[in-house]
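Engineer: Fold the following.
(chains A and B)
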Amino acid sequence: MLQISFIRKNKKKILLGLKKRNFQRLYLIDEILILDQEKKKIQSFLNKILEQENCITKKIGKYFSEQNGYNDNVDNFKQQCYKLKNEKKKISIQLKKIFLQLQEKLNQVPNIPDEKVNKFSVENDIIFHEKNIYSYVKKNENILTHWELSKKFCLFDLKLGSEICGAGFPVYINQCAKLQRSLIQYFLDQNIQASYQEYNLPYVINEQSGFCTGQIPDKENQMYLIEKDNFYLIPTGEIPLMNCYRNKTLLESHLPIKATTYTSCFRREAGSYGSKVRGLNRLHQFDKVEIIQITTSELSSFSLEEMVFHVKKMLHSLELPFRILRLNATDLSPTSSITYDFEVYSIAQKKWMEVSSVSNCTDFQSNRLKLKYKNYKGKIKYCHTLNGSALAVPRILSTLLENNQSNNKILIPKVLIPYTGFDYIK
RNA sequence: GGAGAGAUGGCAGAGUGGUUAAUUGCGACGGUCUUGAAAACCGUUGAGGAUAUUUCCUCCGGGGGUUCGAAUCCCUCUCUCUCCGCCA
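Structural biologist: Model prediction:
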């Protein structure tokens, strides 16, 4: 959510940013500013009434404490209060109505894109491209997809999962199950080594948490709802992790805060179909290790670079061919001001698979979270929040299987062998 | 699931109808003393909003009510703790 004080002072900048996103409802900004003016007017009028009321009540109080009894003046004062009370009630209702309208409109406005982000009409920028992809392509002509490999090596069973629950809930078996667990452990260890603190969190959240990180109302339909208790299954560990810092005022000297968590993620993925959902490409339940940073406005772009570098390093260590894209403005999620997507190339499917997305949400989330910090001068400001996957497990798993296959076995990358305890799958 | 207790500033913890944004302690910040530090002593120290920059308003878990007036009384919701039951 944008701050109202920011909107008041930066109308032009905001409109330009929203146009860049191809956001259609630009009129919202004018409506917000008008409502804000109106709210201010009514608020100060109400304040004056309250002031009068407080003044009279204090006088009555004085009579009671000093003279210990009734007085003609007291009845007079009471009469005055009755009048004010009626007016107060009327105006409070008006104010509340306007406040809610204002809030509702503010909730609809997305974050302003960073200067580096391209317009909606432009292709996503490829800012990094691993060249050794070509050596993989030459290596073998008879390459199997991971679902074909699964049949050959007994890696996972989608049918079994669909009988237990439904499509998109895979069952991993034997060496593949261990490889999956090894990946999670490896990612967590790498993150902890980069001084991210590990959290183990609830997989279920309430509505407030979803609102604070921006999934509600925007992506409400992507989440599973437990109606009986009004809880949602998490679509990403970012939500419970970031909500650990709801309603907090941190000290600048404690920033940046770096945290990581491993969770399963649950997504309804309504409307997905075809090759996109083959095998492990798009699932209703999958595992992901998430990293976040909470920092100041001055340092958030540095944090973003640091996170990108960290993810890059991990992909390198897994020896996977990948590229990094800077998303253009239309592809940004509403909370994000700038996002880098990491894609690994699958030589079997001959396409790029998104395995991580690293975003700077600036103060958009912290405004909803009421997450602030006190700077060295003692002034209180909103934090900047960043989040990224490090990394999404199934797509790393599937591309590892596909890219490391040979006729009768699948090789495990060196860095994972201490975790798996075997150096190939057969 | 049953019974009871509670929710107050960064934290701890008073306050049961009237100058109470709220005693006090800890913490933090500033000062005195000291070569420096500690100790001791003195002082400052919640947030949000509006504004003519001076004042005003709001906030004691959330919402509603009683009253001229609510942290304080009533209703309701949420959460926490204790005891009992059930259970990985």
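Engineer: contacting residues for the residue in the stretch 101-250 of chain A that RNA strand B sits nearest to?
Structural biologist: Here the stretch 101-250 of chain A gets closest to RNA strand B at one residue, A:Thr249, 6.2 Å apart by Cβ to the nearest atom of the strand. Every residue, glycine included, has its C-beta placed from N, CA and C. Contact analysis of A:Thr249 by Cβ atoms under 8 Å, 6 or more residues apart in numbering lists A:372-374, A:380.
Engineer: what about burial for these, which qualify?
Structural biologist: In these, burial by neighbour count holds for A:372-373, counting by 16 or more other Cβ atoms under 10 Å.
Engineer: Same list, the contacts of A:Thr249, but only the ones touching RNA strand B.
Structural biologist: A:372, A:380 (Cβ under 7 Å from any atom of the strand).
Engineer: Inside strands: which ones of the contacts of A:Thr249?
Structural biologist: A:372-374, A:380 (DSSP state E).
Engineer: Report the contact partners of A:His284.
Structural biologist: By Cβ under 8 Å, 6+ apart, the residues touching A:His284 are A:166-169, A:266-269.
Engineer: Can you report phi and psi for it?
Structural biologist: phi -80, psi -30 (degrees, to the nearest 10).
Engineer: what's the answer for A:Glu148, then?
Structural biologist: As for A:Glu148, its main-chain torsions (degrees, to the nearest 10) stand at phi -70, psi -40.
Engineer: measure it to A:Leu155 for me?
Structural biologist: 10 Å (Cβ to Cβ, to the nearest Å).
Engineer: Who has more neighbours out of those two?
Structural biologist: Neighbours were tallied for A:Glu148 and for A:Leu155 using other Cβ atoms under 10 Å; the higher tally belongs to A:Leu155 (26 against 15).
Engineer: okay, that one: pLDDT?
Structural biologist: A:Leu155 carries a pLDDT value of 92.
Engineer: what's the nearest residue to it if we skip its chain neighbours?
Structural biologist: Excluding the flanking residues, the one nearest A:Leu155 by Cβ to Cβ, 6 or more residues apart in numbering is A:Cys176, at 3.8 Å.
Engineer: Wait, that neighbour touches A:Thr420, no?
Structural biologist: No: using Cβ atoms under 8 Å, A:Cys176 is not in contact with A:Thr420, being 10.3 Å away.
Engineer: Who has more neighbours out of those two?
Structural biologist: A:Cys176 (23 against 20).
Engineer: unless I'm mixing things up, A:Gly388 is touching A:Ser359, no?
Structural biologist: Yes: A:Gly388 lies in contact with A:Ser359 (Cβ under 8 Å); the separation is 6.9 Å.
Engineer: Common neighbours of those two, please.
Structural biologist: Counting by Cβ under 8 Å, 6+ apart, nothing touches both A:Gly388 and A:Ser359.
Engineer: Now A:Lys62. Its backbone dihedrals?
Structural biologist: phi -60, psi -50.
Engineer: Could you pull out the strands in the stretch 301-426 of chain A for me?
Structural biologist: Listed in chain order, the strands of the stretch 301-426 of chain A (DSSP state E, counting those that start in this stretch) span A:322-326, A:338-346, A:351-360, A:372-374, A:380-382, A:384-392, A:410-411, A:424-425.
Engineer: Highest mean neighbour count out of the ones you listed?
Structural biologist: strand A:384-392 (a mean of 26; mean count of other Cβ atoms under 10 Å).
Engineer: which secondary structure elements does that strand contact?
Structural biologist: helix A:174-193, helix A:238-243, strand A:285-295, helix A:300-317, strand A:351-360, helix A:364-369 (3 or more Cβ pairs under 8 Å, 6 or more residues apart in numbering; DSSP states H and E).
Engineer: Now do that strand against strand A:351-360, angle only.
Structural biologist: Inter-element angle recorded for strand A:384-392 and strand A:351-360: 150 degrees (by axes from the mean of the first three to the mean of the last three Cα atoms, to 10 degrees).
Engineer: Next, the angle helix A:300-317 makes with strand A:384-392.
Structural biologist: Taking the same axes, to 10 degrees, one finds that strand A:384-392 is oriented at 10 degrees with respect to helix A:300-317.
Engineer: strands paired with strand A:384-392, and their directions?
Structural biologist: strand A:285-295 (antiparallel), strand A:351-360 (antiparallel) (DSSP bridges).
Engineer: contacting residues around the shortest one?
Structural biologist: Taking Cβ under 8 Å, 6+ apart as the criterion, the residues outside strand A:351-360 that touch it are A:114, A:281, A:300-301, A:303-304, A:307-308, A:311, A:315, A:322-323, A:332-333, A:335-346, A:384, A:386-392, A:395-396, A:398-399.
Engineer: rewinding a little: wait, what's in contact with the residue nearest to A:Leu155?
Structural biologist: Applying Cβ under 8 Å, 6+ apart to A:Cys176 gives the contacts A:150, A:153, A:155-156, A:397, A:425.
Engineer: Ok, A:Asn387 next?
Structural biologist: Applying Cβ under 8 Å, 6+ apart, the residues near A:Asn387 are A:238, A:242, A:290-293, A:358-359, A:361.
Engineer: Any residues of the stretch 151-300 of chain A in contact with RNA strand B? List them.
Structural biologist: Within the stretch 151-300 of chain A, the positions near RNA strand B by Cβ under 7 Å from any atom of the strand are A:Thr249.
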